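J.: pasting a predicted model and its sequence here:
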Amino acid sequence: LLKQVMEAANIDEKRWPPRALHAMIDRWKNRGLTPTDVPAQEDAQFANGQAVALYTAYQARLKQLNAADFGDLLVDCISLFRQQTDVLAEYQRRFAYL
């Protein structure tokens, strides 16, 4: 899927391997960062500053396919807890370390 996104953006796979982009997106998701939350200096590290645009396109493609990757499970839970404090409170009541 990332290869398709990169091809659509005319990114050279040999210079910027999809595996490297996947690792970068995975790190961002593990930190709970959506494309709008990624610091500018980290965006500049891949494909001449196109990493966030590729991350955004990747997320749009996942949504279009009604799919998610493992990182989305983390980001979506964090988002849910931030937006719905009553849900967070219920899970904090059930689990001591949440």
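T.: Structure's in. What do you need? Numbers count the residues shown, from 1 in each chain.
J.: in the chain, which spans are helices?
T.: Using DSSP state H, the helices of the chain run over 2-8, 18-30, 40-43, 51-64, 70-83, 85-94.
J.: format those helices as TSV; extra columns: mean neighbour count.
T.: Every C-beta, even on glycine, is put in place using the N, C-alpha and C of the backbone. Shown next, in TSV, are these (neighbours: other C-beta atoms under 10 Å):
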stretch	mean neighbour count
helix 2-8	16
helix 18-30	17
helix 40-43	12
helix 51-64	17
helix 70-83	14
helix 85-94	11
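J.: lowest average pLDDT across those?
T.: Per-stretch mean pLDDT for the helices of the chain is lowest at helix 40-43 (a mean of 90).
J.: show me how far that helix is from its chain's centre.
T.: Using C-alpha atoms, centre = their mean, to the nearest Å, the mean C-alpha position of helix 40-43 is found 14 Å from that of the whole chain.
J.: so who does the most centrally placed residue in the chain touch?
T.: In the chain, the residue lying closest to the centroid (C-alpha atoms, centre = their mean) is residue 29, at 4.5 Å. With contact taken as C-beta atoms under 8 Å, 6 or more residues apart in numbering, residue 29 is in contact with 69, 71, 72, 74, 75.
J.: if we go to 6 Å?
T.: With contact taken as C-beta atoms under 6 Å, 6 or more residues apart in numbering, residue 29 is in contact with 71, 74, 75.
J.: closest to residue 34 among the residues you listed?
T.: Each of the contacts of residue 29 was scored against residue 34 by C-beta to C-beta, and residue 75 proved nearest at 6.3 Å.
J.: end-to-end on stretch 56-76?
T.: Separation of the first and last residues of stretch 56-76 by C-alpha to C-alpha, to the nearest Å is 15 Å.
J.: so what touches that stretch?
T.: Against stretch 56-76 from outside (C-beta under 6 Å, 6+ apart): 5, 26, 29, 32, 35.
J.: mind doing that once more with 7 Å?
T.: Applying C-beta atoms under 7 Å, 6 or more residues apart in numbering, the contact partners of stretch 56-76 are 1, 2, 5, 9, 25, 26, 29, 30, 32, 34, 35.
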